[in-house]
Structure formats: C-alpha cells, structure tokens
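Visitor: what follows is a predicted protein model with its sequence.
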Amino acid sequence: MLLNCDLGESYGNWRMGLDEEVMPFLDQANLACGFHGGDPLTIEKTLRLAAAHGVTVGAHPAYPDLVGFGRRSMAMSPEELRSALLYQIAAIDGMANTLGVSIDYVKPHGALYNDMMANTGIRDTIMRTVADYPKPLKLMLQATVEAERHREEASKLDLALLFEAFADRCYDDDGRLLSRRKAGAVHNKARMLAQVEQLATASTVTTVSGDTLTLQVDSLCVHGDNAEGVQAIQDIRKLLTVAA
C-alpha cells in the first residue's frame, strides 16, 4: 500500500499541517487547490517539496468553502461543480507544469469526498470531469464493499481509480467510516497500527461491531497535523516496510 496525506492547506498567515516533516515518508501528496485551503505560494512550495522527495502529486479539490475548510456540503448544479473542479485541477496542474512536475490523480476533499461516496449524481459528475480532463488522471475514492460497482461506473468512462483506506478511522459495518459524532470513531495509536497491519497483511478491517470486511486498498490515508501524527506516520511506514 502507498501512503497519502492532505498537504498544502496553509493559507496566508494561517498554518495547517507539518508538510516538511511529513513529506519524506509519503508516496502521494494530496495538494489543496485554494478552495478550502492553500494559496499560490503554499502550492508552489508544496510542489517543490514533493518533487524534492519524489512524492507523487494529486489535486485535492473541494467545495468553495474557505471559511469552513471545505467541511460543509454545498448545493451545486452539475455544471457548477464541474467548473469548480476544472478550475482547481487546472490550477494545480498549471503550477506543477511550471516546475516540471506532473499531477497523477484527483482526490476530493472533506464534504465533497463524503458526498461523492454517498451521492451517485455527485460521483458521476466528479468521475466525468476527471475522465474528460485533457490529460489522464486517476480518481481516488474510499475503498468500500461497493468497490466493484464503482469500478463499473468508472470503466464506462475509461477512468482509472485508486482506492484508499484510513489508518486512524473506525469502520462502520457497511464499510464506510464511523461518524466522528460517535464514540470510537478515531482510533488511538495502538488500534491504528493494528488496523494498518491488518490491512497490509490480510486486506481486511474489523468494524465497530467486530465484523470483518475485505477491502481492496491501493493507498492508505494518514494525517500529519501535529508532532504525534508525524511520529505515527513514521511508525506506519516502518510497519508497511516490514509487512512487504
């Protein structure tokens, strides 16, 4: 499994994440596009940082919700959503081109990601937008028990998918993430590492009620918002190296 992390989310004087500390341990960097975080200088710095460490870059577009950090759903027509996605992807792609960097995939952020997983119409708009982009890009979405259905949807558009799991989140019995409003939604470090090892060795997760789900995972999402998170990422990298 690859490791991916949301980066480049600082904006002006507001600082988010420890990008420089996290980047050496990653395979993929999901780069904010300015709608929920990220400004031109931050985007350029993060692209240079990813290039220096040989980390693959993906666009991380969101609803136009800078105040809410992209965590609030927004009612947008398919045309509005398509244009908002193209605007953000093209911004990252254009900045990357000036530095000799190529973006490889798109991973929606926050509420847009959750809505993509829950709403067929929104997912169809996102899939079509990524598939129609002038260069081939993959779409990253959550690995669930509906993965085969998502593959069928993407195959009709000749779109490649990347399926991701989450290191520190508890899974509900339907294969989705347990709501943060529920107890136990976020694992402590010991449970997180146990889940990562289970995914790496058995391709399964244990749900909140103790059931076992099989997930086909290409990439594992980690978070480096603080020093503890950075240390956890290092531990995950070591664990995956041993498991390989």
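Guide: On my side now, so go ahead.
Visitor: tell me how many other residues surround the nearest residue to P108 once chain neighbours are set aside.
Guide: Nearest residue to P108 in three dimensions, chain neighbours excluded: M116, at 5.4 Å (Cβ to Cβ, 6 or more residues apart in numbering). Glycine gets a C-beta too; all of them are placed from N, C-alpha and C. Using other Cβ atoms under 10 Å, M116 is surrounded by 22 other residues.
Visitor: so which helix or strand takes in M116?
Guide: helix 110-118 (DSSP states H and E).
Visitor: show me which residues of the helix or strand following that helix are buried.
Guide: Counting by DSSP H and E, the element after helix 110-118 in chain order, helix or strand, is helix 120-132. Residues of helix 120-132 classed as buried under the neighbour-count rule (16 or more other Cβ atoms under 10 Å) are I122, R123, T125, I126, M127, R128, T129, V130, A131.
Visitor: try stretch 72-84
Guide: Using 16+ other Cβ under 10 Å as the test for burial, stretch 72-84 gives S73, M74, M76, L81, R82, A84.
Visitor: can you tell me what sits against stretch 235-244?
Guide: Here stretch 235-244 makes contact (Cβ atoms under 8 Å, 6 or more residues apart in numbering) with 1, 3, 25, 167, 189, 192-193, 196-197, 200-201, 220, 222.
Visitor: let's see that with 7 Å instead.
Guide: M1, L3, F25, A167, L193, V196, E197, A200, T201, V222 (Cβ atoms under 7 Å, 6 or more residues apart in numbering).
Visitor: hang on, the fourth one packs against M192?
Guide: Translated: A167. Yes. Proximity of A167 to M192 meets the contact threshold set by Cβ atoms under 7 Å, at 5.4 Å.
Visitor: ok, now which ones touch the most centrally placed residue in the chain?
Guide: Centroid check for the chain by Cα atoms, centre = their mean gives K107 as the closest residue, at 4.9 Å. By Cβ under 7 Å, 6+ apart, K107 lies in contact with N30, G58, H60, M140.
Visitor: neighbour-wise, which one of the residues you listed leads?
Guide: The most crowded member of the contacts of K107, judged by other Cβ under 10 Å, is H60 (32 neighbours).
Visitor: that one against H109, yeah?
Guide: Yes. Assessed by Cβ under 7 Å, H60 is found in contact with H109 at 5.0 Å.
Visitor: report the set of residues contacting both of those two.
Guide: D6.
Visitor: other SSEs contacting the lengthiest helix in the chain?
Guide: For the chain, the longest helix by residue count, based on DSSP state H, is helix 78-98. Packing partners of helix 78-98 (3 or more Cβ pairs under 7 Å, 6 or more residues apart in numbering; DSSP states H and E): helix 40-52, strand 56-60, strand 103-106, helix 120-132.
Visitor: what sits closest to D104 if chain neighbours are left out?
Guide: D104's closest residue in space is T56 (Cβ to Cβ, 6+ apart), at 4.9 Å.
Visitor: my guess is that neighbour contacts L26. True?
Guide: No. T56 is beyond contact range of L26, at 8.7 Å (criterion: Cβ under 7 Å).
Visitor: ok, these two, which is more surrounded?
Guide: Each of T56 and L26 has its neighbours counted (other Cβ under 10 Å); L26 has more, 23 against 17.
Visitor: pLDDT value on that one, please?
Guide: As predicted, L26 sits at a pLDDT of 96.
Visitor: quick one: contacts for it?
Guide: L3, N4, C5, V55.
Visitor: closest to V145 among the residues you listed?
Guide: Using Cβ to Cβ, N4 comes nearest to V145 of these, at 21.2 Å.
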